[in-house]
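Peer 1: just coords:
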């Protein structure tokens, strides 16, 4: 259970992320969206939460969306290129990077997608044939490893430390955000060093980036209860 202060901090973090993000439960109903998703779809949050894709302006694609979502629930990570029809009937193409959402016991509780809007039509036509190595060259971020196998080796608190480290936060700022003492945060960093076989903070960051943690979002930042 999060206290009101932490809940407010995590809510602000979730809504300050630059990419549109949605979260669905295991029944594939929307349970959370961030401010960028609302901006993209031009829909009110109250018209999204509790609904599924058949209730959305993109209902004609709902069946294929659900098919790919079900694959992700089986703990597969997918990058899906698909159209989104906004509330104003505007057509946008997005790269949906979808991954299972796990709780602190590593049980799959739903799925999360980080979206990248594709504005270059020529690029869009070629994306389907791209390999994972091609994404970076074409300027599209690759999120298929948002939650890699290595995340199972890190505790929920260590994952939060990684999240803040990759965003340039100091030990003091991390301790404030997590409501912990700086010494406790430093203790988590020491554990991460051992697990990553790293000796310094820059090496932790380098390893975390290589393993795809840049776009990992801690569970508490998404499920506020």
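Peer 2: Sure thing, it's come through. None of the values given here were measured: they were computed from a predicted structure.
Peer 1: can you pull out the helices in the chain?
Peer 2: Assigned by DSSP state H, the chain shows helices spanning 4-16, 35-41, 62-73, 121-127, 132-137, 156-165, 171-178, 182-196, 201-210.
Peer 1: For the longest one, buried residues please.
Peer 2: Meaning helix 182-196. Across helix 182-196, burial judged by 16 or more other C-beta atoms under 10 Å covers 184, 185, 188, 189, 192, 193, 196. For the C-beta atoms, the positions are set from N, CA and C on the backbone; glycine is no exception.
Peer 1: before we move on, back to that, which of the helices of the chain sits most buried?
Peer 2: Neighbour counts (mean count of other C-beta atoms under 10 Å) averaged over each of these peak at helix 156-165, with a mean of 21.
Peer 1: Could you list every helix and strand in contact with it?
Peer 2: Applying 3 or more C-beta pairs under 8 Å, 6 or more residues apart in numbering; DSSP states H and E, one finds that helix 156-165 contacts helix 171-178, helix 182-196, helix 201-210.
Peer 1: Give me the residues contacting the last one.
Peer 2: Looking back up the chat, that one is helix 201-210. Residues from elsewhere that reach helix 201-210, judged by C-beta atoms under 8 Å, 6 or more residues apart in numbering: 162, 165, 166, 189, 192, 193, 196, 197, 198, 214.
Peer 1: ok so, going back, so for residue 28, which of the helices of the chain sits nearest?
Peer 2: helix 62-73 (5.2 Å; C-beta to C-beta).
Peer 1: Check which helices and strands that closest one sits against.
Peer 2: strand 78-85, strand 91-102, strand 108-118.
Peer 1: returning to that earlier point: for the buried residues of helix 182-196, could you give me a markdown table that also reports pLDDT?
Peer 2: Shown next, in a markdown table, are the buried residues of helix 182-196 (pLDDT from 0 to 100):
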| residue | pLDDT |
| --- | --- |
| 184 | 96 |
| 185 | 95 |
| 188 | 95 |
| 189 | 94 |
| 192 | 92 |
| 193 | 90 |
| 196 | 84 |
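Peer 1: Same list, the residues you listed, but as TSV with distance to residue 21 please.
Peer 2: Shown next, in TSV, are those (distance: C-beta to C-beta, whole Å):
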residue	distance to residue 21
184	29
185	26
188	25
189	27
192	25
193	30
196	26
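Peer 1: doesn't residue 54 make contact with residue 61?
Peer 2: No - using C-beta atoms under 8 Å, residue 61 is not in contact with residue 54, being 10.1 Å away.
Peer 1: Surely residue 29 and residue 52 touch.
Peer 2: Yes - at 5.1 Å, residue 29 counts as touching residue 52 under the criterion of C-beta under 8 Å.
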